[in-house]
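Asks: sequence and predicted structure are below.
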Amino acid sequence: MTENLSPDEVASQVIAIVAKQAKVEAAAIKPESTLKDFGIASLDAIEMIFDIEAHFDITIPDQGANFDTDTVQSLVDAVDKALAAKAAGPDAAA
């Protein structure tokens, strides 16, 4: 379950998914790392976003992500924001 995860748990799980996609050790991924740093091309990044959305049962809004410059931390922040919106319920989005 992804309810009631701490920010550190969310970050850890996002990093694990990024590590799997990049085929690197999770320890090599830092918050300031970009997906480009690990050779994740845009199509792979989109697949990774789908994996993250499925893992957390959320939808990350498409805000024109720049996979060359966006950091892992920005991805974690987007997941945190989506989880908070999900916890607030559908009426909160209206």
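Replies: Yep, it's here.
Asks: just checking, D80 touches S6?
Replies: No. Judged on Cβ atoms under 8 Å, D80 makes no contact with S6 at a distance of 10.3 Å. The way it works is simple: take the backbone N, C-alpha and C, and place the C-beta from them, glycine included.
Asks: was I right about H55 contacting A16?
Replies: No. Here H55 does not reach A16: they are 9.1 Å apart, not a contact under Cβ under 8 Å.
Asks: D80 and S6: which is more packed in?
Replies: D80 (17 against 8; other Cβ atoms under 10 Å).
Asks: residue contacts, that one?
Replies: Contact partners of D80, counting by Cβ atoms under 8 Å, 6 or more residues apart in numbering, are 7, 10.
Asks: hang on, it is in a strand, isn't it?
Replies: No. Looking at D80 with DSSP: H, G, I helix; E, B strand; the rest coil, it is helix, so not inside a strand.
Asks: from memory L5 sits against V14, does it?
Replies: No. Judged on Cβ under 8 Å, L5 makes no contact with V14 at a distance of 10.5 Å.
Asks: using the three-state scheme, assign the residue nearest the centre of the chain.
Replies: Centroid check for the chain by Cα atoms, centre = their mean gives L75 as the closest residue, at 4.0 Å. Assigned by three-state DSSP, the conformation of L75 is helix.
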